[in-house]
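Asks: Structure of the sequence below:
(2 chains)
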Protein chains: 2
Amino acid sequence: MDAEIVTAGVLVIGDEILSGRTKDKNIGFIADYLTQLGIDLKEVRIVADDEAAIVEAVNSMRARWTYLFTTGGIGPTHDDITADSIAAAFGVSIDHDPRAVALLTDHYKAGELNEARMRMARIPDGADLIKNKVSKAPGFRLGNVHVMAGVPSVMQAMMDAVAPSLKSNVQLLSVTIDTGLGEGIVAGPLRDAQNTYPDVVIGSYPYIRGGLFATKLVLRCRDEDKLEMARQEIETMLVSLKGQIQTQA
Amino acid sequence: MDAEIVTAGVLVIGDEILSGRTKDKNIGFIADYLTQLGIDLKEVRIVADDEAAIVEAVNSMRARWTYLFTTGGIGPTHDDITADSIAAAFGVSIDHDPRAVALLTDHYKAGELNEARMRMARIPDGADLIKNKVSKAPGFRLGNVHVMAGVPSVMQAMMDAVAPSLKSNVQLLSVTIDTGLGEGIVAGPLRDAQNTYPDVVIGSYPYIRGGLFATKLVLRCRDEDKLEMARQEIETMLVSLKGQIQTQA
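Replies: Purely as a prediction, here's the structure:
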C-alpha cells in the first residue's frame, strides 16, 4: 500500500527572506497543506534572487522529490528572475506565452499592460499555467515543479488551483499527547516505545510554560490500529511515570 | 574592503517543522540577527530528523559558507540525533564530554540526571561548547558549524553567546521607500535605476492593503554615499511617475 510514498520539497526564493526584512509565512502554510493532502514534505530551502542558486536548488530538489513547489520571484520587477531560472534549470526556452498574455490583457485596462507587467507572461516552453484568482498573473507547472507567487494570498490561491492534480498518500494519522513532564523524564521510556512500534513516528517537542519544562508527544502513522496501540502503551507509561514521581515527592 | 564577504547558512532540523505542526520562528530571528551583525545569510534549509539528510546538508553548507548555524535536535529524546549526525558529517567520534557533564551535574538535582538527559552531554570530539543560560544543556561549535537548540528562547541565548566570536562585514546599510504605487508601474523605471547603481541592491516587495496593490522598495549597499544617490534618484523618479498618473486622471 505504501509502494510509493508521495514526497515534496519547497523552495522559497527571495533576498527579503534571507535579510530578515520579510518573515516567511508560506513554508508553514504549505507544510500544513501538504500534511492535510497526505503528501510528505521532506525538505525546504530558501535561496537568494540569484539564477545560479535557483537553478542548482531546483535541479537538486526536483530530482529528489515527487513534487517541488517554489514561491516568490514571479512579479514584474527586475529582481523577479524565477521564471527565467526555471527555464534555465530545465534547459528550455522562455518567451511571452499567448495564454498568459490573454489573461493579463483581460485583466488590465488599456495602457496599463506595460513592458514590466508583460514580464509576468514569460512562461517556459512546455509549461501549464496555474490559475491565480487574486491578481490574475499566473504561476506555472513544468514537469514536477510548481512555480507560485510569494505574496501569501496569491500563493494560497495557486495551491488551491494545483491541489486537485496532486497524487496523495493514504493520509498520515496523528495523535498528540501532552505529557505534563519534562523531556528528560519521558525520554528513556519513550525510546522503548519507539523500538516497540517502529512504524509509528514518535516526535517529542519540548516547550516552556510558566517557567516549567514540559513535553508534547506527537505520534504519526498511516495505520490506525498501530497508532492506537502505541498511544495506549504511552498513556500507560505516563501514568506509571507520574506515579513514581508522586511516590518520590 | 570587501575582499572577503562573510556569509552564513542556516540548517533547521526537525520533522515537526516539515509536518507543519510547529511553525518555525528561528529562521526570521537568525536572519535579522545576522543582518544586524553585518553577515550575509545566503541559504536556509529545513531537513527531517534523518541522519543521512542532516549529514548531506551539513557537509554541503559548511563547505559553501563562512558559517553554518543549525537549530533543533539536541535534546534528550531518541529523535534528537543532531550531535551524532554532526560527528558523522565531520568523521569524528562522539562521547559524553566532561565539560558538558559537569554543566548538567551542576544543574540537575541528585537522581534527576538520568541516561536520557546525559545524552545532552554527547559532544563531537574537538568541539567547543556554546553556553546556554536558559536550560544549561550546551550547544557546540565544530569548525565553522554552530549547533544550537530548537526552542527559540534557548536558541536566542546561544546566538548571544556565539555572536562575539563571529567575523563581520562592514554593515549593509538599507533604506526603505514606500512608493504608494503598484509594482507594475514602478518596475520599468526601477530597472533603469538598478542599471545606474549596480552596487545598490534594489528589492521590490509588493503588498496588498485595502484591496489595492502597492510596493515597498528596499535599497541595500555597504557604501553610504552610493545608497543616498540611488535613493534620491528613485524619489525623483517616483515624483515624476505620480505626476504622469495625475495628468492622465
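Asks: SS state for the closest residue to residue A:235 other than its chain neighbours?
Replies: Using Cβ to Cβ, 6 or more residues apart in numbering or on different chains and skipping the chain neighbours, the partner closest in space to residue A:235 is residue A:177 (6.9 Å). C-beta here means a position set from N, CA and C on the backbone, and glycine is covered the same way. Assigned with DSSP: H, G, I helix; E, B strand; the rest coil, residue A:177 falls in the strand class.
Asks: Against residue B:23, how distant is residue A:177?
Replies: Residue A:177 sits 20 Å away from residue B:23, going by Cβ to Cβ, to the nearest Å.
Asks: Domain boundaries for chain A, per the record?
Replies: Split into domains by automatic domain parsing, chain A comes to A:7-165, A:173-248.
Asks: Let me have these in CSV, extended by mean neighbour count.
Replies: Output for the domains of chain A, formatted as CSV (neighbours: other Cβ atoms under 10 Å in any protein chain shown):
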stretch, mean neighbour count
domain A:7-165, 20
domain A:173-248, 16
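Asks: Pull the distance from stretch A:125-143 to the chain's centre.
Replies: 18 Å (Cα atoms, centre = their mean, to the nearest Å).
Asks: And that stretch, end to end?
Replies: 11 Å (Cα to Cα, to the nearest Å).
Asks: Kindly report the same for stretch A:89-102.
Replies: Between the opening and closing residues of stretch A:89-102 lies a distance of 26 Å (Cα to Cα).
Asks: quick one: that stretch near chain B?
Replies: No: taking Cβ under 8 Å from any Cβ of the partner chain as the criterion, stretch A:89-102 and chain B are apart, separated by no less than 14.1 Å.
Asks: What mean pLDDT does that stretch get?
Replies: Mean pLDDT, stretch A:89-102: 97.
Asks: One more: stretch A:108-128?
Replies: Stretch A:108-128 shows a mean pLDDT of 94.
Asks: Sketch out the helices for chain A, chain order is fine.
Replies: For chain A, the helices defined by DSSP state H occupy A:15-18, A:26-37, A:51-64, A:82-90, A:98-107, A:115-118, A:152-162, A:183-196, A:224-248.
Asks: closest one to residue B:239 among those?
Replies: Distance to residue B:239, taken as Cβ to Cβ, is lowest for helix A:115-118 among those, at 18.9 Å.
Asks: ok, back up a step: and the domains of chain A, which one is worst for confidence?
Replies: Between the domains of chain A, the lowest average pLDDT goes to domain A:173-248, which shows a mean of 89.
Asks: starting at the chain centroid, how far to that one?
Replies: Computed by Cα atoms, centre = their mean, the chain-centroid distance of domain A:173-248 equals 26 Å.
Asks: Same question for stretch A:27-37.
Replies: 5 Å.
Asks: From the rest of the structure, what touches that stretch?
Replies: Stretch A:27-37 is contacted by residues A:8, A:10, A:12, A:40-41, A:44, A:69, A:71, A:152, A:155-156, A:159, A:163, A:166, A:168, A:171-172, B:17-21, B:23-24, B:46 when judged by Cβ atoms under 8 Å, 6 or more residues apart in numbering or on different chains.
Asks: So which of these sit within strands?
Replies: Those of the contacts of stretch A:27-37 mapping onto strands are A:8, A:10, A:12, A:40-41, A:44, A:69, A:71, B:46, per DSSP state E.
Asks: Spit out the contact partners of the residue nearest to residue A:217 when sequence neighbours are not counted.
Replies: Leaving aside its sequence neighbours, residue A:217 sits nearest to residue A:177 (Cβ to Cβ, 6+ apart; 4.5 Å). Applying Cβ under 8 Å, 6+ apart to residue A:177 gives the contacts A:216-219, A:231, A:234-235, A:238.
Asks: Can I get the residues you listed in CSV including distance to residue A:54?
Replies: Shown next, in CSV, are the contacts of residue A:177 (distance: Cβ to Cβ, whole Å):
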residue, distance to residue A:54
A:216, 36
A:217, 38
A:218, 33
A:219, 37
A:231, 43
A:234, 43
A:235, 47
A:238, 47
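Asks: And these, which is closest to residue A:99?
Replies: Using Cβ to Cβ, those come closest to residue A:99 at residue A:218, 43.2 Å.
Asks: For residue B:15, see how far away the closest residue to that closest one other than its chain neighbours is.
Replies: Distances taken as Cβ to Cβ, 6+ apart put residue A:203 closest to residue A:218, at 4.6 Å, once the chain neighbours are dropped. For residue A:203, the distance to residue B:15 (Cβ to Cβ) stands at 5 Å.
Asks: What of residue A:222?
Replies: Here residue A:222 is placed at a distance of 15 Å from residue B:15 (Cβ to Cβ).
Asks: likewise residue A:202?
Replies: The value you get for residue A:202 to residue B:15, if Cβ to Cβ is used, is 10 Å.
Asks: Please enumerate the shared neighbours of those two.
Replies: Common neighbours of residue A:202 and residue B:15 (criterion: Cβ under 8 Å, 6+ apart): residue B:79.
Asks: Now the common contact residues for residue A:203 and residue B:15.
Replies: What both residue A:203 and residue B:15 touch, as defined by Cβ under 8 Å, 6+ apart, is the set B:49, B:79.
Asks: OK, contacts around the residue nearest to residue A:218?
Replies: A:217-220, B:15-16, B:21, B:49, B:79.
Asks: If we use 7 Å, what do you get?
Replies: Applying Cβ atoms under 7 Å, 6 or more residues apart in numbering or on different chains, we find residue A:203 in contact with A:217-218, B:15-16, B:79.
Asks: again with residue A:186
Replies: By Cβ under 7 Å, 6+ apart, the neighbours of residue A:186 are A:179, A:215, A:241.
Asks: cool, and residue A:84?
Replies: By Cβ under 7 Å, 6+ apart, the neighbours of residue A:84 are A:94, A:122.
Asks: try 10 Å this time
Replies: By Cβ atoms under 10 Å, 6 or more residues apart in numbering or on different chains, the contact list for residue A:84 reads A:51, A:54-55, A:73, A:94, A:119, A:122, A:124.
Asks: That's all I had, so thanks and see you.
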